[in-house]
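J.: A structural model of the following input is requested.
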Amino acid sequence: MSYKDEINAVNNVGFNYKDYDIISLSQVFLFENKLGRYGWGLNQIIKKLSLDNLVKYFFYIINPKSDDDLSSSEFVFVNDVYNMSMVSNSRTLQKVFDYNKIIEVVCDKRIYLDNDVYLYKYSNILGTISDIYIVTILFFKKWNRMKEVAKLFNINMIMLLLNIWDSLFIINCVENIFNKIGNIKGVVLNSDVHKISRTFTFFCKNNKIKNYVLQHGAPVLDYGYLPVYTDKMFNWGKLSFHWFLEKGTDIEKLQITGTPKMDNIIKYTNNINNVKIKKPLNILVIMNPIGKLLCSNFLQIIYYAIKDMDVKLIIKLHPSSEHYDYLPQVIFKDYSYKIFRLENTHDLIKISDVVISTTSTVGAETIALNKPLIQVKLNEINTKLAYEDYDCCISVNNHIELEQILNDEKKIYSKFGNYDGFISDFFYKLDSNSSKRIKEEIEN
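T.: Predicted coordinates:
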């Protein structure tokens, strides 16, 4: 069954409660489970059992935040995923709005800033317990249908039910927070696929509140972007616009604006003609959430390519790779390197001579910052991003090819002539005005 068929299956189960499509709220959880993205570390077990929101709630009640004044708010920004790239995207956009008229709802203490609104503060435990009782009865009434979903995504029925209970907890949080807010003109999301954001989207649709989603990355895996439930999605450029269009998204929902995360690009951009390789070579390795085995293979290719070279190595972990963030230590052993997780990726690209990754949005950002991009091709990853079609990256299949490239300065810079066309089609305009364009659309 294709991704499209699986996504359609998740979003057409017909298990509705309070006008929320309950199973569709579990979309990311179901796909991540089927793809084996959950390991056996403590954090991953918590996610497997759908206890992560409950754990975050308990952290909140241990250290509660002060009362929020939500009465003057006109726009709500939601940051529900612990991904600093997505968070910075939203916060860059927030800067062009009147500070006194917006609120930012966060769901993780690690991204909490003063004056943010913590979602779990608005929990309704008694309401959640009541909903759990009602929905559990419905679950058993729809047992055969639920069993089909569980089988399709290779998940235990109890785990599916636990995730549904988690959704009911979130629904009550979202409904309670809106009970405290006055007349909201719009809600801005970094995703309308992840559970909390999708709950906000459903609430908005049920209450006729305008809602918008920022494209948070290059669309790679369909389940991370589709279907688009919000009133409007702001696309990075014409390539992503056409991707969503070809996947069946209503053209009225799509608008090309560029992306706020690239509004500060000017301070990073080098003059290509003056770029020089430093000695030793500064290499930035970008890890992606592709699973422990593939990450291990990826890092081993890099290790065997550079083990006899004098390079300065930086490894940037992905926030979602918590259960295999020990791999660099295992593979590189005594080889000298620095490792980062939360640092601004653009800052790391800026100080690098070359970036190495697998298929990744960071590849497009590397090109926009005028840095050489080397992509390690793994047989198990069939996804192809647009920068490959524009011949903007150097692809290697093994450590021998990678070592040859790293020792040939001419080859490292061989793709720069193709950058401009890709940047125009992928990012629309790198003119620092993406946030202003989005703000105008939201406020109209």
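J.: What helix or strand is the closest residue to Y20 other than its chain neighbours located in?
T.: Using CB to CB, 6 or more residues apart in numbering and skipping residues adjacent in sequence, the residue nearest Y20 is F202, 4.9 Å away. All C-beta spots, glycine's among them, are computed from the backbone N, C-alpha and C. F202 is part of helix 195-206, with elements assigned from DSSP states H and E.
J.: So what touches that helix?
T.: Applying CB atoms under 8 Å, 6 or more residues apart in numbering, the external contacts of helix 195-206 come out as 19-21, 24-29, 53, 76, 78, 80-81, 107, 119, 166-167, 170-171, 174-175, 178, 187, 189-192, 209-211, 213, 229-231.
J.: What subset of these is buried?
T.: Among the contacts of helix 195-206, the ones that count as buried by 16 or more other CB atoms under 10 Å are 20-21, 24-29, 53, 76, 78, 80-81, 107, 119, 166-167, 170-171, 174-175, 178, 187, 189-192, 209, 211, 213, 229-231.
J.: Check which helices and strands the longest helix anywhere in the chain is in contact with.
T.: In the chain, ranked by residue count with DSSP state H as the criterion, the top helix is helix 157-179. Contacts defined by 3 or more CB pairs under 8 Å, 6 or more residues apart in numbering; DSSP states H and E place helix 157-179 against helix 52-62, helix 125-141, helix 143-152, helix 195-206.
J.: Could you list the low-confidence segments of this structure?
T.: For the chain, residues meeting the criterion pLDDT under 70 lie at 67, 268-278, 320-323.
J.: Show me the contacts of helix 195-206 that map onto strands.
T.: Using DSSP state E, the subset of the contacts of helix 195-206 located in strands is Y20, D21, V76, V78, V187, L189, K210, N211, V213.
J.: Pick out whichever of the residues you listed sits closest to L342.
T.: V78 (19.9 Å; CB to CB).
J.: Just list whatever residues bridge to the closest one.
T.: V78 has the following beta-bridge partners by DSSP bridges: V105, L189.
J.: Run through the residues that contact it.
T.: If you count contacts by CB under 8 Å, 6+ apart, then V78 has S90, E104, V105, V187, V188, L189, N190, I196, S197, F200 around it.
J.: ok, now how distant is the first one from E104?
T.: Computed with CB to CB, to the nearest Å, the distance linking S90 and E104 is 7 Å.
J.: Mutual contacts of those two, please.
T.: Common contact partners of S90 and E104 (CB under 8 Å, 6+ apart): F77, V78, N79.
J.: I'd guess I356 is in a strand, am I close?
T.: Yes: according to DSSP: H, G, I helix; E, B strand; the rest coil, I356 belongs to a strand.
J.: give me the beta-bridge partners of it?
T.: V285, I374.
J.: give me the number of residues near it?
T.: By other CB atoms under 10 Å, the residues close to I356 number 28.
J.: can you check I158 too?
T.: By the measure other CB under 10 Å, the count of residues near I158 is 10.
J.: any idea how far it lies from L30?
T.: Note on I158: its distance to L30, by CB to CB, is 14 Å.
J.: Ok, V174 next?
T.: Distance, V174 to L30, using CB to CB: 20 Å.
J.: Would you agree A9 falls within a helix?
T.: Yes: according to three-state DSSP, A9 belongs to a helix.
J.: Residues touching the strand or helix carrying W243, excluding its own?
T.: Under the criterion of DSSP H and E, W243 resides in helix 238-246. Outside helix 238-246, the residues that touch it by CB under 8 Å, 6+ apart are 215, 218-219, 225-226, 228, 233, 235, 251, 253-254, 256, 386, 425-426, 428.
J.: Likewise for stretch 147-165?
T.: 1, 6, 9-10, 13, 22-23, 26, 29-31, 33-34, 48-51, 128, 132, 135-136, 139, 146.
J.: Which residue, neighbours along the chain excluded, lies closest to I23?
T.: Distance criterion CB to CB, 6+ apart; nearest residue to I23, sequence neighbours excluded, is V13 at 4.2 Å.
J.: what's the nearest residue to I349 if we skip its chain neighbours?
T.: L369 is the one closest to I349 (CB to CB, 6+ apart), at 5.0 Å.
J.: I figured that neighbour hits I266, correct?
T.: No: with contact defined as CB atoms under 8 Å, L369 does not reach I266; the gap is 10.7 Å.
J.: Give me the neighbour count for the closest residue to Y225 other than its chain neighbours.
T.: Distances taken as CB to CB, 6+ apart put P219 closest to Y225, at 4.8 Å, once the chain neighbours are dropped. The tally of other residues near P219 (other CB under 10 Å) stands at 21.
J.: Report the two of the ones in strands among the contacts of helix 195-206 separated the most.
T.: Farthest pair in the ones in strands among the contacts of helix 195-206 (CB to CB) is D21 and V76. Separation: 21.0 Å.
J.: in stretch 433-444, what's buried?
T.: For stretch 433-444, by 16+ other CB under 10 Å, it's N433, S434, S435, K436, R437, I438, K439, I442.
J.: Same question for stretch 369-386.
T.: By 16+ other CB under 10 Å, the buried positions in stretch 369-386 come out as 369-378, 381, 385-386.
J.: Span of that stretch from start to end?
T.: End-to-end distance for stretch 369-386: 16 Å, by CA to CA, to the nearest Å.
J.: residues touching Q255, list them.
T.: K232, M233, F234, N235, E441.
J.: Let's see that with 7 Å instead.
T.: Residues near Q255 by CB atoms under 7 Å, 6 or more residues apart in numbering: K232, F234, N235, E441.
J.: Ramachandran angles for it?
T.: Main-chain dihedrals, Q255, degrees, to the nearest 10: phi -150, psi 130.
J.: Please name the bridge partners of it.
T.: When assigned by DSSP bridges, Q255 has beta-bridge partners F234.
J.: circling back to that earlier point, for PyMOL, write the select line for the buried members of the contacts of Q255.
T.: Here is the PyMOL selection string for the buried members of the contacts of Q255, based on 16+ other CB under 10 Å:
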select buried, resi 232+234+235
